[in-house]
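Student: I'll drop the sequence and a predicted model, then ask my questions.
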Amino acid sequence: MNDRRPGLDRRAFLRLTALGVGAGAVVTLTGCGTFDSRGPIDTVGTVDFRNRLRIPPLAESTQRDGTTVFNLTAQAGRTAIVAAGETDTWGINGSMLGPTLRARRGETVQINVTNELDEATTSHWHGMHLPAAFDGGSHQTIHPGDTWSPSWTINQPAATLWYHPHPHGQTERHIYRGLGGLFILDDDDESALDLPRDYGVDDIPVIVQDKTFDDQGQLVETSRRDNGMIGNTIVVNGTAGPVLDVTAQRTRLRLLNASTARSYSFGFSDDREFAMIASDGGLLREPTRLTRLLLTPGERAEIIVEMSAGHTTTLRSYPQDLGLSSSRSRSTGATDTLDILLLQAGGSLAPSEAIPSRLATIDPLDESSAVETREFELRNDRINRESMDMNRIDDVVTVDTTEVWEVWNGHRQPHNFHVHDVQFQILSIDGRDPSPELSGWKDTVYLPPDVRLRLIMRFTEYTDPAMPYMYHCHLLWHEDRGMMGQFVVVEPGQEPGPIDSDHDH
Ligand code: C2O
Ligand code: CU
Ligand code: CU
């Protein structure tokens with residue numbers, strides 16, 4: 001895509017790209033056509049679904065003194081993704097992406113993260129409630145050759161979380177190259193429900209990313225539009241043109257938008273309904289039946305799809321209303337239609353239980369108990385007119401208090417908002433109640449332009465006046481350019497700072 005040559009129309013170009021995706025396709029990507037960055041991409045019918053969906057392995061662990069110990073190593077490698085050639089990628093314990101970590105509420109984990117890359121990185125546990133010093137944000141730098149070993153006790157509900165690098169100013173590139181993985185949490189309440197939970201069989205990780213490959217199969221890291229990199233090839237768990245063999249009547253998909261900038265409106269090619277059962281921070285109160293589900297970068301959802309023997313359907317992303325102008329919708333990829341994953345049901349399917357009608361108890365956080373209301377305006381790569389400064393603490397929160405954060409997007413670009421350490425509830429969106437899919441625990445939420453979201457969250461345990469957590473836009477180009485701030489959680493009356501960072505300046 002770097003080399004833009006005239007001669008092919010955009011459709012023909014897209015067809016070539018899509019065909020190039022299959023492992024056995026003979027088409028090469030030499031002579032890429034003119035890529036009109038303003039036109040919508042439509043890959044319906046052009047993706048060659050022929051590669052079995054790769055399932056990230058569950059991370060192995062050992063037990064030591066009551067602690068579950070995992071070992072992760074970030075490394076460079078080469079991965080066969082597209083036909084044009086092997087791609088230089090980064091991965092964890094492998095060449096691309098990482099194993100799925102899994103732990104239970106109450107379990108103490110230690111994760112030894114070794115950096116075998118030739119540059120510094122970090123490992124952030126997105127969605128996790130844990131001490132700031134183990135959060136893996138921009139301050140917990142892991143230099144090449146070093147190992148970082150955070151340890152904490154899981155104390156939150158069952159959920160689909162994820163982990164990814166967070167080096168200051170470099171997060172987009174590190175995730176785009178392939179670093180990241182799922183972090184599944186279990187608990188007794190979730191385990192007591194009749195839900196599909198056989199990992200890789202009827203409980204499937206679906207890590208969705210968009211990439212742009214050049215004619216050698218290398219990742220193009222420079223094709224940014226105004227909101228970051230919008231790729232034209234979708235990979236799921238690192239597989240292009242992926243096929244999932246469905247073996248049960250009901251399959252649980254753990255959807256993660258791990259793209260750097262693109263949002264997806266998930267649905268199926270036959271417009272079937274599916275049941276959403278969980279948002280970022282865990283199960284919803286009850287399943288909600290949908291035909292479309294918007295996930296912006298960093299967000300997760302668990303859905304259950306029912307299939308009959310012998311049938312197929314395609315997980316697709318449909319054009320979406322992000323509240324943007326039509327030209328910005330196009331440049332952001334919101335007008336694209338993208339085939340993502342072919343689900344192919346076998347001739348006989350294992351029976352599955354009906355989806356429970358009640359899933360979880362979520363006590364609403366009480367607004368009248370909030371001790372503080374903070375406002376955050378996201379605009380022009382800044383939050384409240386400030387660009388991220390590693391040495392500045394923007395907000396000081398007192399432990400064991402509830403706060404309301406009013407967040408809004410003050411200009412015409414798409415943004416979302418992610419808070420470390422906590423899961424929040426959405427009180428209102430421009431004064432209205434959130435829709436069912438936004439009514440559970442969230443750690444990342446879309447901010448349409450000029451719409452005010454009121455979020456409520458409670459900060460418990462883990463004080464550290466010298467080590468901040470972060471909040472930021474999860475469109476990674478924006479984050480890297482400074483749309484991020486820092487807060488510390490302190491004891492009542494405790495003075496914050498100075499920051500105790502491992503980051504080199
Ligand atoms: Cu998913 Cu601050 O990150
Ligand atoms: Cu995070
Ligand atoms: Cu943004």
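Tutor: Ah, there it is. Ligands and ions are numbered 1, 2, ... in the order given.
Student: D189 - that's part of a helix, no?
Tutor: Yes - under DSSP: H, G, I helix; E, B strand; the rest coil, D189 sits within a helix.
Student: Next, the contact list for it, please.
Tutor: With contacts defined as C-beta atoms under 8 Å, 6 or more residues apart in numbering, the neighbours of D189 are P157, A158, L283, A360. Bear in mind the C-beta positions are built from the backbone N, C-alpha and C, glycine included.
Student: List only those of these flagged as buried.
Tutor: Taking 16 or more other C-beta atoms under 10 Å as the criterion, what is buried in the contacts of D189 is P157, A158, L283, A360.
Student: Please look at the last one and L284 and confirm they touch.
Tutor: Put plainly, it is A360. Yes - contact criterion C-beta atoms under 8 Å: A360 and L284 qualify, at 6.7 Å.
Student: The residue in the stretch 351-500 of the chain positioned nearest to ligand 2: how many residues sit nearby?
Tutor: Closest to ligand 2 within the stretch 351-500 of the chain is H420: 4.8 Å, counting by C-beta to the ion. By the criterion of other C-beta atoms under 10 Å, H420 has 24 neighbours.
Student: measure it to P364 for me?
Tutor: 22 Å (C-beta to C-beta, to the nearest Å).
Student: swap in A334?
Tutor: Taking C-beta to C-beta, one finds A334 at 32 Å from P364.
Student: and these two? which has more neighbours close in?
Tutor: Taking neighbours as other C-beta under 10 Å, A334 and P364 compare with A334 leading, 25 against 9.
Student: Let me see the contact set for the more buried one.
Tutor: Residues in contact with A334 (C-beta under 8 Å, 6+ apart) are S263, P319, Q320, D321, L322, L324, P414.
Student: run the last query once more with 6 Å
Tutor: Listed by C-beta atoms under 6 Å, 6 or more residues apart in numbering, the contact set of A334 reads Q320, L322.
Student: Identify the residues contacting the helix or strand hosting T68?
Tutor: Here T68, judged by DSSP states H and E, is contained in strand 67-82. Under the contact criterion C-beta under 6 Å, 6+ apart, strand 67-82 has outside partners 20-21, 59, 61-62, 86-93, 95-96, 107-117, 121, 213, 217, 240.
Student: so is V113 in a helix, a strand, or just coil?
Tutor: strand.
Student: Now the residue in the stretch 1-150 of the chain that ligand 3 sits nearest to. Nearest residue, chain neighbours left out?
Tutor: Here the stretch 1-150 of the chain gets closest to ligand 3 at one residue, H126, 16.2 Å apart by C-beta to the ion. Spatially, and ignoring its direct neighbours in sequence, H126 is nearest to W162 (5.0 Å; C-beta to C-beta, 6 or more residues apart in numbering).
Student: how far is the helix or strand that the one you found is a member of from where the chain is centred?
Tutor: Under the criterion of DSSP H and E, W162 resides in strand 159-164. Mean C-alpha position of strand 159-164 versus that of the full chain (C-alpha atoms, centre = their mean, to the nearest Å) differs by 8 Å.
Student: Quick one: mean pLDDT over the helix or strand just after it.
Tutor: Next in sequence after strand 159-164, counting helices and strands by DSSP H and E, comes helix 171-176. Regarding helix 171-176, the rounded mean pLDDT is 98.
Student: what does helix 171-176 rub up against?
Tutor: With contact meaning C-beta under 6 Å, 6+ apart, helix 171-176 is reached by T121, H164, P165, T260, L476, W477, E479, D480.
Student: now for whatever helix or strand comes next after that helix, which elements pack on it?
Tutor: Next helix or strand after helix 171-176 toward the C-terminus (DSSP H and E): strand 181-186. Counting contacts by 3 or more C-beta pairs under 6 Å, 6 or more residues apart in numbering; DSSP states H and E, strand 181-186 packs against strand 101-104, strand 159-164.
Student: could those go into JSON lines alongside mean pLDDT?
Tutor: Listed next are the helices and strands packed on strand 181-186 as JSON lines, based on pLDDT from 0 to 100:
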{"stretch": "strand 101-104", "mean pLDDT": "98"}
{"stretch": "strand 159-164", "mean pLDDT": "99"}
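Student: For ligand 2, what's the nearest residue on this structure?
Tutor: For the chain, C-beta to the ion, closest residue to ligand 2: H126, 3.7 Å.
Student: Please verify my assumption that that residue contacts P165.
Tutor: No - H126 is beyond contact range of P165, at 10.6 Å (criterion: C-beta atoms under 6 Å).
Student: ok so, going back, format the buried ones among the contacts of D189 as TSV; extra columns: distance to L293, secondary structure and pLDDT.
Tutor: Output for these, formatted as TSV (distance: C-beta to C-beta, whole Å; DSSP: H, G, I helix; E, B strand; the rest coil; pLDDT from 0 to 100):
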residue	distance to L293	secondary structure	pLDDT
P157	20	coil	98
A158	20	coil	98
L283	15	strand	98
A360	18	coil	98
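Student: Just flag the most distant two among those residues.
Tutor: A158 and A360 (8.6 Å; C-beta to C-beta).
Student: what sits against the residue most central in space within the chain?
Tutor: Centroid-nearest residue in the chain: G298, 2.9 Å away (criterion: C-alpha atoms, centre = their mean). When contacts are counted by C-beta under 6 Å, 6+ apart, G298 is found next to H418, T444, H474.
Student: for the host helix or strand of the first one, packing partners?
Tutor: Going back to what we said before, that points to H418. Applying DSSP H and E as the criterion places H418 in strand 415-419. Packing partners of strand 415-419 (3+ C-beta pairs under 6 Å, 6+ apart): strand 444-447.
Student: Give the next helix or strand downstream of the strand it packs on.
Tutor: strand 452-459.
Student: What strands line up against that following strand, and which way round?
Tutor: Counting by DSSP bridges, the strands paired with strand 452-459 are strand 401-409 (antiparallel), strand 425-429 (antiparallel).
Student: in the protein, which spans are helices?
Tutor: 10-20, 171-176, 188-191, 326-332, 476-480 (DSSP state H).
Student: how far away is the residue nearest to Y264 when sequence neighbours are not counted from ligand 3?
Tutor: Distances taken as C-beta to C-beta, 6+ apart put S317 closest to Y264, at 4.0 Å, once the chain neighbours are dropped. Distance from S317 to ligand 3, counting by C-beta to the ion, to the nearest Å: 19 Å.
Student: show me the contacts for S317.
Tutor: So S317 contacts Y264, S265, L338 (C-beta under 6 Å, 6+ apart).
Student: Which of these ranks first by neighbour count?
Tutor: Y264 (28 neighbours).
Student: So what sits opposite that one in the bridge?
Tutor: If you apply DSSP bridges, the partners that Y264 bridges to are L295.
Student: ok, how many other residues are close to the residue nearest to A301 when sequence neighbours are not counted?
Tutor: In this structure, A301 finds its nearest non-sequential neighbour in L255, 5.0 Å apart by C-beta to C-beta, 6+ apart. Using other C-beta under 10 Å, the number of residues around L255 comes to 26.
Student: need the helix or strand of this structure with the lowest average pLDDT.
Tutor: Ranked by mean pLDDT, DSSP states H and E, the helix or strand of the chain with the weakest confidence is helix 10-20, at a mean of 35.
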